[in-house]
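Asker: Pasting the sequence and the predicted model now:
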Amino acid sequence: MNLKIFKTSTFRLAAIYLTVFTISTGAVLGYIYWNTVVILQQQVDDTINAEMRGLAEQYRQRGLPGLVEIIRERSRQNTGSIYLFSNFIGRRLAGNLEGLPAKALSSSGWIEFTYAVQTSAGRQKHVARAVHRELAGGYMLLVGRDIEERRQFASLIRTALYWSLGLALVFGVGGAFLLSRNFLQRIDSISAASRAIMAGDLSERMPVSGTGDELDRLASSLNDMLDQIERLMQGMKEVSGNVAHDLRTPLNRMRTRIEAALRSADTDNRASREVLQQVLDDTDRLLATFNALLSIARTEAGEARAGFSDVDLSQLGHEMAELYEPIFDEQNGTLKVDITPHVTIRADRQLAAQATAN
């Protein structure tokens, strides 16, 4: 996996958006889950409280036989309600619960406990929520509801919440990865085109995908700029060619006339010959300098790079030293060279030699 993808601004922006989206989605789903559980539990508690008040009122009005009759009748109905009516020693008088839960003995008010339920699949453990109350005469009344379905429903919502957040993270990271990879591929193609242009290929252009996005607009602007630069370079080449023609021709004519003057000059007039010879040497140096400048201009424009080769600068230095050593000897001088061996560069050998001579 290319680690550059994780360093792109696209991936970072996508990661920030994914974080904000995940947090907001989790907050919304958590709020829905919390309110659903609370509302369901409130409904169960209201139902139980209503039944407890109704049964207590029946006990006051109809006494013990009337309450036992009502509880037995309601216990036969499969409504999910749980009843237990027992005397002061804990003996069950009516109800569908076999005995008082242990939690009811150690605490008062609301309790949750497990109990056995006979279903088509056999006896199963369910969870119930109930409230118990002591009535006149030492009797104990417990009223509750089976909340197994509510617990399963809450578990289903909780599982859906976890899956939603997990899928959001997976698809978010995957989407960020794909977006970043496509973005990075386009950036790499633009970088490759830039390197080709810097290497001297002015005909290279930035790739345009055709989507019209910000990268396409940037690439189009750069291509327009490169077109303008190419036109300017072409114009410079034409001007350079014209200047070369305009300057070389007079210089060559001057050189030809000086040579003719030298041939026709009086051999005894040494002063005139020396002056003409100096003018001829200066003209040759001027032509050589001008040719070198044109060669350098062509090299900078990328035209002469095809003629580049590996040049041993150490060997070239020794050759130039041997070439100019007689000149130092004529002037009673000494030429000393200190050249590092095996130094190689890629360049035009003629231009490198001329640069060394200069």
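Answerer: Sure, I can see it.
Asker: Make sure Gly144 is indeed in a helix.
Answerer: No - counting by DSSP: H, G, I helix; E, B strand; the rest coil, Gly144 is not found in a helix; it is strand.
Asker: Was I right to think it contacts Asn49?
Answerer: No - using C-beta atoms under 8 Å as the test, Gly144 is too far from Asn49 to be in contact (11.1 Å). For glycine as for every other residue, the C-beta is placed from the backbone atoms N, C-alpha and C.
Asker: hey, what's in contact with both of these two?
Answerer: Common neighbours of Gly144 and Asn49 are listed as Val131 (criterion: C-beta atoms under 8 Å, 6 or more residues apart in numbering).
Asker: Compare these two (neighbour count), which wins?
Answerer: Higher neighbour count among Gly144 and Asn49: Gly144, with 27 against 13, using other C-beta atoms under 10 Å.
Asker: bridging residues for the residue lying closest to that one once chain neighbours are set aside?
Answerer: Closest residue to Gly144 apart from its sequence neighbours, by C-beta to C-beta, 6 or more residues apart in numbering: Ala130 at 2.5 Å. Beta bridges link Ala130 to Ile111, Gly144, judged by DSSP bridges.
Asker: what's Ala130 in contact with, if anything?
Answerer: 48, 82, 101, 104, 110-113, 142-145.
Asker: same thing with Ile197?
Answerer: 204, 226 are the contacts of Ile197 under C-beta under 8 Å, 6+ apart.
Asker: Assumed it was part of a helix.
Answerer: Yes - Ile197: assigned to a helix according to three-state DSSP.
Asker: ranges for the strands of the stretch 1-150 of the chain?
Answerer: Counting by DSSP state E, counting those that start in this stretch, one finds strands in the stretch 1-150 of the chain at the ranges 81-86, 92-95, 109-119, 122-134, 140-146.
Asker: Quick check, Tyr324 in contact with Gly333.
Answerer: No - contact criterion C-beta under 8 Å: Tyr324 and Gly333 do not qualify, at 10.4 Å.
Asker: Which one's more surrounded, those two?
Answerer: Tyr324 (13 against 9).
Asker: Just give the nearest non-adjacent residue to Phe11, would you?
Answerer: Closest to Phe11 by C-beta to C-beta, 6+ apart is Ser180, at 3.9 Å.
Asker: Next up, identify which helix or strand that neighbour is on.
Answerer: Per DSSP states H and E: Ser180 is located in helix 148-198.
Asker: Out of the helices and strands in this protein, which is least certain?
Answerer: helix 270-300 (a mean of 67; mean pLDDT, DSSP states H and E).
Asker: The helix or strand that that one is followed by pairs with which strands?
Answerer: Heading C-terminal from helix 270-300, the first helix or strand you meet, by DSSP H and E, is strand 309-312. Using DSSP bridges, strand 309-312 pairs in its sheet with strand 344-347 (antiparallel).
Asker: what residues does the strand it pairs with touch?
Answerer: 308-313, 352.
Asker: ok, so what distance separates the nearest residue to Gly175 once chain neighbours are set aside from Gln42?
Answerer: Spatial nearest neighbour of Gly175, chain neighbours left out: Ala14 (6.7 Å); criterion: C-beta to C-beta, 6+ apart. If you measure Ala14 against Gln42 using C-beta to C-beta, to the nearest Å, the figure is 41 Å.
Asker: Tell me which of those two has more neighbours.
Answerer: When neighbours are counted by other C-beta under 10 Å, Ala14 and Gln42 differ, and Ala14 comes out ahead with 20 against 10.
Asker: any idea how far the helix holding Ser180 is from the chain center?
Answerer: 11 Å (C-alpha atoms, centre = their mean, to the nearest Å).
Asker: That helix - what's its average pLDDT?
Answerer: The average of the pLDDT scores along helix 148-198 is 81.
Asker: Quick check on the contacts of strand 344-347: which are buried?
Answerer: Neighbour counting with 16 or more other C-beta atoms under 10 Å marks 311-313, 352 as buried within those.
Asker: For the stretch 251-358 of the chain, give me the ranges with low pLDDT.
Answerer: Within the stretch 251-358 of the chain, the stretches with pLDDT under 70 are 251, 262, 264-273, 275-276, 288-308, 348, 350, 353-358.
Asker: follow-up on the earlier one: Gly200: which of the strands of the stretch 1-150 of the chain is closest?
Answerer: Evaluated over the strands of the stretch 1-150 of the chain, closeness to Gly200 peaks at strand 122-134, with 80.1 Å, by C-beta to C-beta.
Asker: what comes up buried for that closest one?
Answerer: For strand 122-134, by 16+ other C-beta under 10 Å, it's 126, 128-132.
Asker: Extract the CA atoms of that strand and return them as PDB.
Answerer: C-alpha atoms of strand 122-134 as PDB (Å, rounded to 0.1, in the frame of the first residue of the first chain):
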ATOM      1  CA  GLY A 122     -39.700 -25.900  26.600                       C
ATOM      2  CA  ARG A 123     -38.900 -24.000  29.800                       C
ATOM      3  CA  GLN A 124     -36.800 -20.900  29.200                       C
ATOM      4  CA  LYS A 125     -35.400 -18.200  31.400                       C
ATOM      5  CA  HIS A 126     -37.000 -14.800  31.000                       C
ATOM      6  CA  VAL A 127     -36.300 -11.400  32.700                       C
ATOM      7  CA  ALA A 128     -39.200  -9.700  34.500                       C
ATOM      8  CA  ARG A 129     -39.600  -6.200  36.000                       C
ATOM      9  CA  ALA A 130     -41.900  -5.900  39.000                       C
ATOM     10  CA  VAL A 131     -42.800  -3.900  42.100                       C
ATOM     11  CA  HIS A 132     -44.000  -5.500  45.400                       C
ATOM     12  CA  ARG A 133     -46.100  -4.000  48.200                       C
ATOM     13  CA  GLU A 134     -47.200  -5.100  51.600                       C
END
